[in-house]
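>>> My questions concern the predicted model and sequence given below.
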Amino acid sequence: MKTMSCKQLGGACDKEFHANSFEEIAEQSKKHGMEMFQKGDEKHLAAMNEMKELMKTPEAMREWFENKRKEFNALPEDK
């Protein structure tokens, strides 16, 4: 099990996500982002707008995603 924060995953807060795979942690982050979007959280909305810009270039988005996957894989296991 590894831990990454919302901020580490491109978000706006220190909420921590715990998962055994990058796919799991990405899904938790996505769910959290949707919750913050529904609440109208300004900091998360700003972070989402940055991600939206990144998504306009598929290669940039793919590179960002792979860098986050590498960051996750390099993390030590939680104790």
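Here it is on my side, so go on. Just so it is clear, the structure is predicted and the values come from calculations on it, not from any experiment.
>>> Which residue ranges of the protein form helices?
Ranges of helices in the chain, per DSSP state H, are 22-39, 42-55, 58-74.
>>> Nearest residue to the middle of this structure?
When the chain is reduced to its mean C-alpha position, the closest residue under Cα atoms, centre = their mean turns out to be residue 9, at 2.7 Å.
>>> I'd say it and residue 25 touch.
Yes: between residue 9 and residue 25 there is a contact under Cβ atoms under 8 Å: 7.2 Å. C-beta here means a position set from N, CA and C on the backbone, and glycine is covered the same way.
>>> what residues are shared contacts of the two?
Applying Cβ atoms under 8 Å, 6 or more residues apart in numbering, one finds that residue 9 and residue 25 are jointly contacted by residue 17.
>>> Can you find the helix or strand in the protein with the smallest mean pLDDT?
The element with the least model confidence among the helices and strands of the chain, by mean pLDDT, DSSP states H and E, is helix 42-55, at a mean of 92.
>>> Name the residues of that helix that are buried.
Applying a neighbour-count criterion of 16 or more other Cβ atoms under 10 Å, one finds 44, 47, 48 buried in helix 42-55.
>>> The residue lying closest to residue 71 once chain neighbours are set aside: how many residues sit nearby?
With Cβ to Cβ, 6 or more residues apart in numbering as the measure, residue 8 is the residue that lies nearest to residue 71, at 7.0 Å, once sequence neighbours are left out. Residue 8 has 17 neighbours, counted by other Cβ atoms under 10 Å.
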